[in-house]
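> I need the structure of the sequence given here:
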Amino acid sequence: MACRISEVVLGCRDPEALAVFWCDVLDFVVLDREEGCVEIGPREGFGGPQPTIILSYRDEPEPGKARLHIDVNATDRDQDAELERLLALGARPADVGQRGDEGWHVLADPEGNEFCLLKARLAPL
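Next up is the predicted model:
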């Protein structure tokens with residue numbers, strides 16, 4: 001028996017605003033709200049093939065560079081079109097020392113949490 005990822009927790013200053021951003025990026029919905037937390041995920045809810053994301057209020061960012069980030073792949077368009085969509089949603093380019101010839105784009109969400117847009121298109125679930 002093995003484990004699989006069921007949730008990813010992201011500390012942030014404004015869980016509601018990031019929920020809107022990530023729901024738009026991933027076509028997720030809000031699944032639950034508790035004081036200081038918003039859980040978003042696929043319409044089927046918790047326990048499906050995709051993990052949910054819990055956006056958890058934090059007063060201040062935790063010190064040091066985040067050790068975890070999210071990678072996303074477009075499902076219905078090429079990487080360039082998806083990059084335009086993500087930038088229009090409020091993502092911004094992030095410089096983590098890329099050379100410029102990578103097959104991915106490093107971006108930051110509205111609170112500065114880094115994530116990558118990978119090149120390969122995946123089939124929608």
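
> you'd agree Arg58 is up against Asp14?
No. Using Cβ atoms under 8 Å, Arg58 is not in contact with Asp14; the gap is 10.2 Å. Where C-beta positions appear, they are placed from N, C-alpha and C, glycine not excepted.

> make sure Glu102 is indeed in a strand.
No. Assignment of Glu102 by DSSP: H, G, I helix; E, B strand; the rest coil gives coil, placing it outside any strand.

> burial count for it?
11 (other Cβ atoms under 10 Å).

> how far away is it from Asn113?
19 Å (Cβ to Cβ, to the nearest Å).

> ok, now Ala81?
From Ala81 to Asn113 the distance is 23 Å (Cβ to Cβ).

> who has more neighbours out of these two?
A count of neighbours by other Cβ under 10 Å puts Asn113 above the other of Ala81 and Asn113, at 21 against 11.

> how about the closest residue to the more buried one other than its chain neighbours, what does it touch?
Closest residue to Asn113 apart from its sequence neighbours, by Cβ to Cβ, 6 or more residues apart in numbering: Leu10 at 6.2 Å. Leu10 sits next to Leu18, Ile53, Ile54, Leu55, Ser56, Asn113 when contact means Cβ atoms under 8 Å, 6 or more residues apart in numbering.
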